[in-house]
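Peer 1: task: produce atomic coordinates for the following.
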Amino acid sequence: MADPEPAPVRKGRARRVVLTAVPVVLVLAAVAGAAAYTKVTVDDADRTVATQLWEKPAHDPGKDPAGDMARGRASTELSKLLLPVPAGYRLGPDSGTYGNDAEVSGRAAAAEMKEGGRGLSGRQRRDFEKRVDKLRIQGLAVRTYASDDNDLVVATQLVRMKDKKALRDLYTFRAGLFDSIGVLRDGPAIEGHKKNAKCFRDPKNGKQRIEGMFCMAYEGEVMVTFSASGVKPFDKAAVAELVKDQLNHITSPGEYV
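Peer 2: Got it, this is the predicted structure:
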């Protein structure tokens, strides 16, 4: 018998749900990731007219017969699902230890996700790891984009999973959680994807010159996460357009190349 659909996360239950189902560190990382990610890169880029970081990657990518490397690798089934670098952008700075255009195996991605369970009690951690195993992660791919105007950086992460229902449940839970805790502002709706995509903006802070936006979505077997940051005035419409194009590219790759 099919599992029942998960109930929406209600206000007041959010923090209890976090403690029992998902480590707090994952939530905080998702909230702060975009702003922290670009604070260094945009600040560095802003100190001079053009820094080496923005002009040229730290290392040149190897030749790839699958296509134009400046637009991103397309040599594997998963990397082909990443949106090629569109006009007005280039490959951005490295995203953590992944680089700016990378892919890891399902086993490695699952192991890293399980590391997020640190800090939980033994029973809770075992339950969390079982939840990760249930997703049957097949691979993870990352690509970053930097605007030619040096005012926006976007990091995209695709995670492919075999269990579509578990993927949808994860999306529903995460979206409901972020809605419920009331920390973030609502982001723009994604055209054509109102049911499978949700965006949130950083809390309003007039003193900060960097703003961020975090988007989560799914399409088919793929969970999509966007972390974007840029200088004010933050171009949330440009980020929403990238999210839309990425989701459409997953379903019709040839039309968005």
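
Peer 1: which residues touch the nearest residue to Arg136 once chain neighbours are set aside?
Peer 2: Nearest non-adjacent residue to Arg136, counting by CB to CB, 6 or more residues apart in numbering: Lys162, 3.7 Å away. Every residue, glycine included, has its C-beta placed from N, CA and C. Contacts for Lys162 (CB atoms under 8 Å, 6 or more residues apart in numbering) come out as Leu135, Arg136, Gln138, Glu221.

Peer 1: gap between the second one and Ala166?
Peer 2: Pointing back at Arg136 there. 8 Å (CB to CB, to the nearest Å).

Peer 1: next one: the first one
Peer 2: Summarising the geometry, the distance separating Leu135 from Ala166, computed by CB to CB, is 5 Å.

Peer 1: give me the more crowded residue out of the two.
Peer 2: Leu135 (21 against 16; other CB atoms under 10 Å).

Peer 1: excluding chain neighbours, what is closest to the more buried one?
Peer 2: Met161 (4.6 Å).

Peer 1: was I right about the one you found contacting Gln138?
Peer 2: Yes: if you go by CB atoms under 8 Å, Met161 and Gln138 touch, sitting 6.5 Å apart.

Peer 1: of the contacts of Lys162, which belong to helices?
Peer 2: Leu135 (DSSP state H).

Peer 1: distance to Val154 and pLDDT added to the contacts of Lys162, as JSON lines?
Peer 2: Formatted as JSON lines, the contacts of Lys162 follow (distance: CB to CB, whole Å; pLDDT from 0 to 100):
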{"residue": "Leu135", "distance to Val154": "24", "pLDDT": "84"}
{"residue": "Arg136", "distance to Val154": "28", "pLDDT": "89"}
{"residue": "Gln138", "distance to Val154": "24", "pLDDT": "92"}
{"residue": "Glu221", "distance to Val154": "22", "pLDDT": "92"}
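
Peer 1: quick one: which of the contacts of Lys162 is the most crowded by neighbours?
Peer 2: Leu135 (21 neighbours).

Peer 1: residue contacts, it?
Peer 2: Ala110, Met161, Lys162, Asp163, Ala166, Leu167, Leu170.

Peer 1: so which of the residues you listed comes closest to Ala102?
Peer 2: Ala110 (16.5 Å; CB to CB).

Peer 1: what is the neighbour count of that closest one?
Peer 2: Residues near Ala110, counting by other CB under 10 Å: 22.

Peer 1: nearest spatial neighbour of it, skipping sequence neighbours?
Peer 2: Nearest to Ala110 is Ile137, by CB to CB, 6+ apart, at 4.6 Å.

Peer 1: what does Met223 give?
Peer 2: Using CB to CB, 6+ apart, the closest residue to Met223 is Val159 (4.5 Å).

Peer 1: and the gap between that neighbour and Leu78?
Peer 2: From Val159 to Leu78 the distance is 9 Å (CB to CB).

Peer 1: over to Asn196?
Peer 2: 19 Å.

Peer 1: what's the answer for Arg168, then?
Peer 2: 19 Å.

Peer 1: more neighbours: those two, which one.
Peer 2: Leu78 (19 against 15).

Peer 1: hmm, Ala217 is touching Leu247, no?
Peer 2: Yes: using CB under 8 Å, Ala217 is in contact with Leu247, at 5.9 Å.

Peer 1: between these two, what contacts are shared?
Peer 2: With CB under 8 Å, 6+ apart as the test, Ala217 and Leu247 both reach Ile190, His193, Asn196, Ala197, Val224.

Peer 1: circling back to that earlier point, can you put the contacts of Lys162 in a markdown table and add distance to Asp179?
Peer 2: Converted to a markdown table, the contacts of Lys162 look like this (distance: CB to CB, whole Å):
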| residue | distance to Asp179 |
| --- | --- |
| Leu135 | 22 |
| Arg136 | 27 |
| Gln138 | 28 |
| Glu221 | 24 |
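
Peer 1: can you give me the helices for the protein?
Peer 2: For the chain, applying DSSP H gives helices covering 14-21, 24-47, 52-55, 106-115, 122-135, 164-181, 236-251.
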